[in-house]
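Asker: please work out how this folds:
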Amino acid sequence: MAFILAYVATGCEKTPPAFNDTFEIISGDAQFYGNALHFEWERQSATFEVVTETATGKWNAVSPTRDIWCSFLREGNKLTVIVAENRGFEPRSTWIEFSLGEQKHRIDVHQRGQRLLEFVVGTTVAISAPQAHISLELNTNIPLSDLEVSLENSVDWLTSLALSSNNVVFDVSENTSTSQRHASIKVSGDNRTTSIVVTQNPAGVITGSDANICPEVSVELSISVGTGSYQWYKDGSPIGGATDATYTATASGIYTVSYGGTMSPQKEVTIISCPVADPGISLTIGSTVWASVNVDEFQIFAERADMFTKFFQWNRPTAWSAADEVLDGWDPNGDPSSTWTINPCPEGWRLPTVAEFTALNEAGGTISGIGGIWAAANAKGNAVAGRFYGPNYATCRLDGDMTGCIFIPAAGWRNNNAGGTINEQTGDGTLRGRYWSSVEQSAAGRSFSFVVAESGFSNVNKGRGQTIRCVQK
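Answerer: Residues are numbered from 1 along each chain as shown. The predicted structure is shown next:
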């Protein structure tokens, strides 16, 4: 059908041009519905013919939005309407008015917005209730009648899947397994698709560590299902006042929790009270008791005094290997803390102060400020090089009498570079011991160090790895 502007003659009288409300698209993407031209959201165009008995060029067309998003091009009696891409989700409209003499006619131009289809909660949702009726809201401008919902994977625990208003609704049964389960829901329509992954945790499973980490003496337990009233039990007996979704266990036992009339599976917890570590023979300088061995693992003493023990960075719990190797996961950037907020020493022990290191160095006298005595490897029953400190340092031997002295190995140190390379652990004349104190100075860690003919203090980068000797609290 063509949009016709007709000029009809009857005898000597002339009938004014008349307008016909029928249209026919010659080419293009749009559709005519009644008196309106409809476009999709993409950039599109449509050409139709204006037929009139008057001379070509006598009719005219105007639009209020021309050159904004809707424009047109006239070629003879053909009019091509062009719409730009609608990047929004809302539809937009305008009109084109034709005029021929005093006669006017108007067609409406409509362009729909882009199709929006997404779940309001995002692409994943976790279901914590043991069983429930779930409703997930959709954000969409697509009519409900054009949408379809389906499961992308076959599961028997998610049922009654349907669309209701702008919501996807379904039921989930209780998860009686011991693992989390997943289902994927897909909604599609009008060339759009969106999906959401639904996860459901096991019903009533208590989460938390099975055992404490020394020197802590508690384990945090929690349950992620149920609402309202809870009751925790230990070894089958209710725990007074334990009526929240979390409970801090301070004793070993079998723990359960009831919620909404349901009892959880059992969880066994082991609480280990850490004894005060005994490093064996120790040395007392004034009121300070020195451990006879280094720390090798976090809060664990070494097996013997004459061994290269692991390295620690300032205020960090990781014990780095004493072997000369490139480290995996080494972070050369130091902890900015001004104090040690973690204690690398075993329970009952701590890092020494600068004053305590000074007193140790001066015990038994010094020569030019250098205290103790250097012992090369195997010189005094010691497998590695180091210094003997204490009032009796001159006569002490690791394979003999150690009364009044301790041996501190020259284990070297790890550099604060990418690989944490070890320095001054091997080579005659280059062996050095470096030990952290508890003191910060000028944003650096204060370190006690010694070589063959020198001992003293220096400020070092907190990213370095150094060895640790402890004193008793």
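
Asker: count the residues that sit near S179.
Answerer: S179 has 8 neighbouring residues, counting by other CB atoms under 10 Å. No exception for glycine: its C-beta is placed from N, CA and C like everyone else's.

Asker: helix/strand/coil for it?
Answerer: coil (DSSP: H, G, I helix; E, B strand; the rest coil).

Asker: quick check: it touching P202?
Answerer: Yes - counting by CB atoms under 8 Å, S179 touches P202, with 6.4 Å between them.

Asker: residue ranges of the strands in the stretch 301-450 of the chain, please?
Answerer: 349-350, 366-367, 370-371, 373-375, 386-389, 406-409, 413-414, 422-423, 433-441, 444-451 (DSSP state E, counting those that start in this stretch).

Asker: could you dump these to JSON lines with mean neighbour count, mean pLDDT and distance to Q103?
Answerer: As requested, those are exported to JSON lines (neighbours: other CB atoms under 10 Å; pLDDT from 0 to 100; distance: least, CB to CB, whole Å):
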{"stretch": "strand 349-350", "mean neighbour count": "20", "mean pLDDT": "94", "distance to Q103": "101"}
{"stretch": "strand 366-367", "mean neighbour count": "10", "mean pLDDT": "78", "distance to Q103": "117"}
{"stretch": "strand 370-371", "mean neighbour count": "20", "mean pLDDT": "88", "distance to Q103": "114"}
{"stretch": "strand 373-375", "mean neighbour count": "20", "mean pLDDT": "91", "distance to Q103": "115"}
{"stretch": "strand 386-389", "mean neighbour count": "26", "mean pLDDT": "93", "distance to Q103": "111"}
{"stretch": "strand 406-409", "mean neighbour count": "26", "mean pLDDT": "94", "distance to Q103": "108"}
{"stretch": "strand 413-414", "mean neighbour count": "26", "mean pLDDT": "88", "distance to Q103": "93"}
{"stretch": "strand 422-423", "mean neighbour count": "18", "mean pLDDT": "80", "distance to Q103": "97"}
{"stretch": "strand 433-441", "mean neighbour count": "21", "mean pLDDT": "93", "distance to Q103": "92"}
{"stretch": "strand 444-451", "mean neighbour count": "21", "mean pLDDT": "92", "distance to Q103": "92"}
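
Asker: quick one: closest of those to D296.
Answerer: Nearest to D296, of all those, is strand 406-409, at 11.3 Å by CB to CB.

Asker: I'd like the distance between G348 and I406.
Answerer: Remark: distance between G348 and I406 (CB to CB, to the nearest Å) = 17 Å.

Asker: I meant A291, not that one.
Answerer: 8 Å.

Asker: overlap in contacts, these two.
Answerer: Counting by CB atoms under 8 Å, 6 or more residues apart in numbering, the contacts common to A291 and I406 are S282.

Asker: so I370 sits against V452, correct?
Answerer: No - applying CB under 8 Å, one finds I370 not in contact with V452, separated by 9.6 Å.

Asker: give me the distance from stretch 373-393 to the chain's centre.
Answerer: 49 Å (CA atoms, centre = their mean, to the nearest Å).

Asker: actually, stretch 28-46.
Answerer: How far stretch 28-46 lies from its chain's middle: 47 Å, per CA atoms, centre = their mean.

Asker: now what about it, what contacts it?
Answerer: Residues from elsewhere that reach stretch 28-46 (CB under 8 Å, 6+ apart): 21, 23-25, 27, 47-48, 80-86, 106-115.

Asker: pull out the buried positions in that stretch.
Answerer: Using 16 or more other CB atoms under 10 Å as the test for burial, stretch 28-46 gives 28, 30, 32, 37-41, 44-46.

Asker: closest one of those to T250?
Answerer: Checking the buried residues of stretch 28-46 against T250 by CB to CB gives W41 as the nearest, at 63.0 Å.

Asker: any idea how far that closest one is from R112?
Answerer: Counting by CB to CB, the gap from W41 to R112 is 6 Å.

Asker: for the strand or helix carrying Q231, give the mean pLDDT please.
Answerer: Per DSSP states H and E: Q231 is located in strand 230-234. For strand 230-234, mean pLDDT rounds to 89.

Asker: identify the residues contacting it?
Answerer: Under CB under 8 Å, 6+ apart, the answer for strand 230-234 is 221, 223, 238-239, 242-245, 247, 249, 251, 253-259.

Asker: just the CA trace of stretch 180-193, in PDB.
Answerer: The C-alpha coordinates for stretch 180-193 follow below in PDB (Å, rounded to 0.1, in the frame of the first residue of the first chain):
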ATOM      1  CA  GLN A 180      27.700 -27.400  48.300                       C
ATOM      2  CA  ARG A 181      25.500 -27.900  45.300                       C
ATOM      3  CA  HIS A 182      24.800 -25.700  42.300                       C
ATOM      4  CA  ALA A 183      22.100 -25.000  39.700                       C
ATOM      5  CA  SER A 184      22.100 -22.600  36.700                       C
ATOM      6  CA  ILE A 185      18.800 -20.800  35.700                       C
ATOM      7  CA  LYS A 186      18.500 -19.200  32.300                       C
ATOM      8  CA  VAL A 187      16.000 -16.600  31.200                       C
ATOM      9  CA  SER A 188      15.700 -15.700  27.500                       C
ATOM     10  CA  GLY A 189      13.500 -13.700  25.200                       C
ATOM     11  CA  ASP A 190      13.600 -11.100  22.500                       C
ATOM     12  CA  ASN A 191      17.100 -12.100  21.500                       C
ATOM     13  CA  ARG A 192      18.400 -11.600  25.100                       C
ATOM     14  CA  THR A 193      19.600 -14.100  27.600                       C
END
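
Asker: output the below-cut-off pLDDT ranges for the stretch 1-150 of the chain.
Answerer: In the predicted model of the stretch 1-150 of the chain, residues 1-23, 51-57, 128-130 satisfy pLDDT under 70.

Asker: quick one: contacts for R432?
Answerer: Neighbouring residues of R432 by CB under 8 Å, 6+ apart: 410, 412-413, 423-424, 449-451.

Asker: and for it, nearest residue in space, chain neighbours not counted?
Answerer: Closest residue to R432 apart from its sequence neighbours, by CB to CB, 6 or more residues apart in numbering: E424 at 3.9 Å.

Asker: show me what contacts the one you found?
Answerer: Counting by CB under 8 Å, 6+ apart, E424 touches 410, 412-413, 430-432, 434, 451.
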